[in-house]
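Q: give the three-dimensional model of this entry:
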Amino acid sequence: MTRESGMRITKARVAVALGLVAILAAAVFLLSGRGETIALVKAVYAGGGHTMAVGVDGSLWAWGDNGSGRLGDGTATQRRAPTRIGTDTDWASVFAGNFHTLAIRTDGSLWAWGRNFSSQLGDGTRAERRRPVQVGEDRDWAFASAGVSHTMGIRTDGSLWAWGYNRYGHLGDGTVVPRRVPVRIGEGTNWATVSAGNFHTSAIDADGSLWTWGDNRFGQLGDGTTAERRTPTRVGDGTNWVSVSSGGWHTVALDADGSLWTWGRNYSGQLGDGTTVERHTPTRIEIDADLASVFTGEFHTLAVSTDGGIWAWGSNGSGRLGDGTTTARNIPARVESEVAWVSVSGGWAHTVALADDGSLWTWGHNFSGQLGDGTRDNRQVPMRITPENEGAAADPEATAEAGN
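A: A predicted model of the protein is given here:
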């Protein structure tokens, strides 16, 4: 292989692995807030019970559960419709965890807010933050991922960093000591992407190798054991992995030929292998589609196919699979729709997606208003969120002043 072709492959892997950041940049969706048209959305991300979005103009938006201030509007008030966070227009990407949120500005600085009991915000304290606070002073962050109580990040030089809760060694630094500020994991400078699950972490090196560490009680590390790993451990000897996502206690990955592989806990059929048996090594999942990206929720799994379809399986409480039922699925099922989808993101029990026409759709659990339609009603099929149905004007919770 020539150096030039190798560089092309590496760049392709990085593009696919970054998933939402790359794909969502082309999406356009009209948001309305405080009675005025604000922005077109380029990125949306489902958290535990909240949803975050970035506009094409660099504005930041949030809605849903606001416990510990995870929306970043300076309050702990639930929001049932998209609410603008501050007035800045330099946000590049956003990543929602179960109880905290991260975002990167265009200058490369990293910001965090929400729950901080385990120092997952990386600001050197355990104090919750209800507005974005900068993580250190560096401005070379390229990517981040938020788990339940730990955070992972990749800098522009390809180095890997971690902070927060570390009971299961899921930070990867060889200890179980919590970290209040980012600590470097190893000496490598070629990490392409990383994904933080509940208490385990998975990552792909630029050479296409797959690595996992942390809690392994259900085989979610894919190394054939249930032994906890406190440093990155290679999964097999393949060098063709392009995308990985860590769920609650399961892991999903795509290889370069578009094949889907899953492993870990399977109580709700989230592995998609037709059973509810946990798997300790990557298991290939048959699906009648060529996949472009995958995303894991807490107990459900989602994928976007190259023909614009969304596939969903696993737990279906509150209708999070979008098939019109609440019946769990243990094999991938296509979400029936005439919409051509470009991206999808799964939270604890809800799902958000963007269509190729730029429209935003949500479904599943809505107790905290995380669907953004102005109500708390669950939705079992995809529902388009528009200025007319998002309830921004009618819902007083969505009109509160917010800023950073």
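Q: quick one: pLDDT of the closest residue in space to Gly346 that isn't next to it in sequence?
A: In this structure, Gly346 finds its nearest non-sequential neighbour in Gly297, 3.0 Å apart by CB to CB, 6 or more residues apart in numbering. Heads up, the C-betas are built off the backbone N, CA and C, glycines and all. With respect to pLDDT, Gly297 scores 97.
Q: state the number of residues packed around Gly297.
A: 27 (other CB atoms under 10 Å).
Q: enumerate every residue touching it.
A: With contact taken as CB atoms under 8 Å, 6 or more residues apart in numbering, Gly297 is in contact with 46, 247-248, 314, 320, 346-349, 351.
Q: same thing but 10 Å
A: Going by CB atoms under 10 Å, 6 or more residues apart in numbering, Gly297 touches 46, 48, 245, 247-248, 270, 312, 314-315, 320-321, 344-351, 364.
Q: could you do Arg139 as well?
A: 104-110, 155-156.
Q: out of these, which end up buried?
A: 104-105, 109-110, 155 (16 or more other CB atoms under 10 Å).
Q: among those residues, which are in strands?
A: Residues of the buried ones among the contacts of Arg139 located in strands (DSSP state E): 104-105, 110, 155.
Q: confirm for me that Leu102 is in contact with Asp123.
A: No: counting by CB atoms under 10 Å, Leu102 does not reach Asp123; the two are 11.7 Å apart.
Q: which of the two has more residues huddled nearby?
A: Legend: neighbour count by other CB under 10 Å for Leu102 and Asp123, higher for Leu102 (29 against 20).
Q: that one belongs to a strand?
A: Yes: counting by DSSP: H, G, I helix; E, B strand; the rest coil, Leu102 falls inside a strand.
Q: show me what it is bridged to.
A: Per DSSP bridges, residues listed as beta-bridge partners of Leu102: Phe95, Ala112.
Q: and it, what does it touch?
A: For Leu102, the contact set (CB under 10 Å, 6+ apart) comprises 45, 52, 93-96, 110-114, 120-122, 132, 135, 141, 143-146, 151-153.
Q: now, of those, which are buried?
A: Neighbour-count burial within these applies to 45, 52, 93-96, 110-114, 120-122, 132, 135, 141, 143-146, 151-153; the criterion is 16+ other CB under 10 Å.
Q: TSV for the buried ones among the contacts of Arg139, including pLDDT and distance to Thr189?
A: Output for the buried ones among the contacts of Arg139, formatted as TSV (pLDDT from 0 to 100; distance: CB to CB, whole Å):
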residue	pLDDT	distance to Thr189
Ile104	98	19
Arg105	98	23
Ser109	98	20
Leu110	98	18
Arg155	98	9
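Q: farthest-separated two in the residues you listed?
A: The most widely separated members of the buried ones among the contacts of Arg139 are Arg105 and Arg155, with 14.4 Å between them, by CB to CB.
Q: please compute how far the helix or strand that contains Ala81 lies from its chain's middle.
A: Element membership for Ala81, per DSSP states H and E: strand 79-84. In terms of CA atoms, centre = their mean, to the nearest Å, the centre of strand 79-84 is found 19 Å from the chain centre.
Q: stretch 52-60 now?
A: Taking CA atoms, centre = their mean, the mean C-alpha location of stretch 52-60 is offset from the chain mean by 16 Å.
Q: quick check: buried residues in it?
A: For stretch 52-60, the neighbour count (16+ other CB under 10 Å) marks 52-56, 59-60 as buried.
Q: redo these as CSV? Include distance to Thr89.
A: Output for the buried residues of stretch 52-60, formatted as CSV (distance: CB to CB, whole Å):
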residue, distance to Thr89
Met52, 16
Ala53, 14
Val54, 10
Gly55, 8
Val56, 10
Ser59, 5
Leu60, 9
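Q: closest to Leu71 out of those residues?
A: Nearest to Leu71 among those, with distances taken as CB to CB, is Met52, at 8.0 Å.
Q: what helices or strands is the helix or strand where the closest one lies leaning on?
A: Using DSSP H and E, Met52 sits in strand 50-55. With contacts taken as 3 or more CB pairs under 10 Å, 6 or more residues apart in numbering; DSSP states H and E, strand 50-55 sits against strand 30-33, strand 36-46, strand 60-64, strand 79-84, strand 91-96, strand 100-105, strand 350-355, strand 360-364.
Q: highest mean neighbour count out of the ones you listed?
A: Burial of those is given as mean neighbour count (mean count of other CB atoms under 10 Å); strand 60-64 ranks first at a mean of 30.
Q: and of the buried ones among the contacts of Arg139, the nearest to Pro332?
A: Nearest to Pro332, judged by CB to CB, of the buried ones among the contacts of Arg139 is Ile104 at 31.6 Å.
Q: tell me the angle of the strand holding Met52 relative to strand 91-96?
A: 170 degrees (axes from the mean of the first three to the mean of the last three CA atoms, to 10 degrees).
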